[in-house]
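Colleague: please work out how this folds:
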Amino acid sequence: TQIVISGPYQSIKQAAPVFEEAYATYIPLNVNGAFHSRYMQPAQFIFKEYIKKITFQKPHLLTIANVTELPYQYDQLPDLLLTQLTSPVQWLKSIEYLFQLGECEFYETGPGHILTNLINKIKKETTIH
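Modeller: Purely as a prediction, here's the structure:
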């Protein structure tokens, strides 16, 4: 029931009437960039050069890639990290995948409980547990 749009700040501000006409809640997020969108392509090119210098180790913990909604595969780590800079986050599908694995607990780090609240809402609305 939530969608995040990404783009230049002025364009996001101009979208407010569209949401208001649809009686949708419109909350601009306090972020420093248009993350997970085409506007991150310049950073993606810089990150690509940086990431070439890194030697990745095989993950020890199950970590879901935002792009594929599946666990990171060792041989795909650099490509997936680059791709997720400019690709939408598949949050709902990622959480549903984790629910399919069986019993799991989520811990939110940092301030607030936004992600915890979203997970609880998904848990109530999905039949996948």
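
Colleague: show me the contacts for Phe106.
Modeller: Counting by CB atoms under 8 Å, 6 or more residues apart in numbering, Phe106 touches Leu115, Thr116, Ile119. Placement of C-beta: from N, CA and C, glycine included.

Colleague: state the pLDDT value of the second one.
Modeller: At Thr116 the predicted local confidence, pLDDT, stands at 92.

Colleague: how about it, secondary structure?
Modeller: helix (DSSP: H, G, I helix; E, B strand; the rest coil).

Colleague: also Tyr39?
Modeller: Recorded secondary structure, Tyr39: helix (three-state DSSP).

Colleague: could you identify the buried members of the contacts of Phe106?
Modeller: Neighbour-count burial (16 or more other CB atoms under 10 Å) applied to these gives Ile119.

Colleague: possible to save the contacts of Phe106 as CSV with distance to Ala43?
Modeller: Converted to CSV, the contacts of Phe106 look like this (distance: CB to CB, whole Å):
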residue, distance to Ala43
Leu115, 23
Thr116, 28
Ile119, 28
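
Colleague: of the contacts of Phe106, which is the nearest to Glu69?
Modeller: Checking those against Glu69 by CB to CB gives Ile119 as the nearest, at 14.6 Å.

Colleague: A helix includes that closest one, no?
Modeller: Yes. Inclusion of Ile119 in a helix is indicated when three-state DSSP is applied.

Colleague: quick check: it vs Thr68, distance?
Modeller: Going from Ile119 to Thr68 by CB to CB, to the nearest Å gives 19 Å.

Colleague: what does Phe99 give?
Modeller: In this view, Phe99 and Thr68 are 17 Å apart by CB to CB.

Colleague: for the most centrally placed residue in the chain, which non-adjacent residue is closest in space?
Modeller: For the chain, Val89 is the residue whose C-alpha lies nearest the centre (CA atoms, centre = their mean; 3.2 Å). Of all residues beyond its chain neighbours, the one nearest Val89 is Asn66 (4.5 Å), with distances taken as CB to CB, 6 or more residues apart in numbering.
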